[in-house]
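Visitor: Dropping the sequence and predicted coords here.
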Amino acid sequence: MPRYISLHSLSCLTRQGAEQLAARLTSASGISARRVLVNMLEGKMLVEFEATDREAAEAWLRSERFHYDWLMRVEWESEEGKLRPIF
């Protein structure tokens with residue numbers, strides 16, 4: 001299944017609030033969250049997840065009212081210093 005990474009700006013969010021968002025993402029149906037990375041100091045969150053296609057990813061984010069700054073499909077990943085395609 002295609003993999004995506006999204007960037008989210010978090011304003012005035014506590015650690016507990018970030019934990020709730022992470023729990024909501026990891027228990028979601030329609031997408032499959034792989035990792036949630038948060039920087040509280042800068043107010044940013046990266047989410048790595050799988051979705052059937054970009055339209056499904058965007059639709060899920062909209063339906064859950066998750067504003068995102070950008071969304072990127074992952075096509076290549078480095079492994080042992082070499083890029084390999086993601087399928």
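Guide: All right, it came through fine.
Visitor: Under the pLDDT cut-off, which ranges of the protein? List them.
Guide: Regions of the chain meeting the criterion pLDDT under 70 are absent.
Visitor: wait, what's in contact with the residue nearest the centre of it?
Guide: With distances taken as C-alpha atoms, centre = their mean, the residue of the chain nearest its centroid is Val47 (2.2 Å). By C-beta atoms under 8 Å, 6 or more residues apart in numbering, Val47 lies in contact with 5-6, 8, 25, 33, 35-37. C-beta: built from backbone N, CA, C; applies to glycine.
Visitor: Now which of those would you call buried?
Guide: 5-6, 8, 25, 33, 36 (16 or more other C-beta atoms under 10 Å).
Visitor: what residues does the top helix by length along the chain touch?
Guide: Secondary structure assigned by DSSP state H gives helix 15-26 as the longest helix of the chain. Contact with helix 15-26 is made by 10, 13, 31, 33, 36, 38, 40, 45, 47, 49, 64, as judged by C-beta under 8 Å, 6+ apart.
Visitor: Just the ones of these in strands?
Guide: The strands, defined by DSSP state E, take in 33, 36, 38, 45, 47, 49 from the contacts of helix 15-26.
Visitor: any chance of those residues in TSV, with distance to Ala59 too?
Guide: Below are the ones in strands among the contacts of helix 15-26 laid out as TSV (distance: C-beta to C-beta, whole Å):
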residue	distance to Ala59
Ala33	16
Val36	20
Val38	24
Met45	20
Val47	15
Phe49	13
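Visitor: wait, which of those is closest to Glu80?
Guide: Taking C-beta to C-beta as the measure, Glu80 lies nearest Phe49 of the ones in strands among the contacts of helix 15-26, at 24.5 Å.
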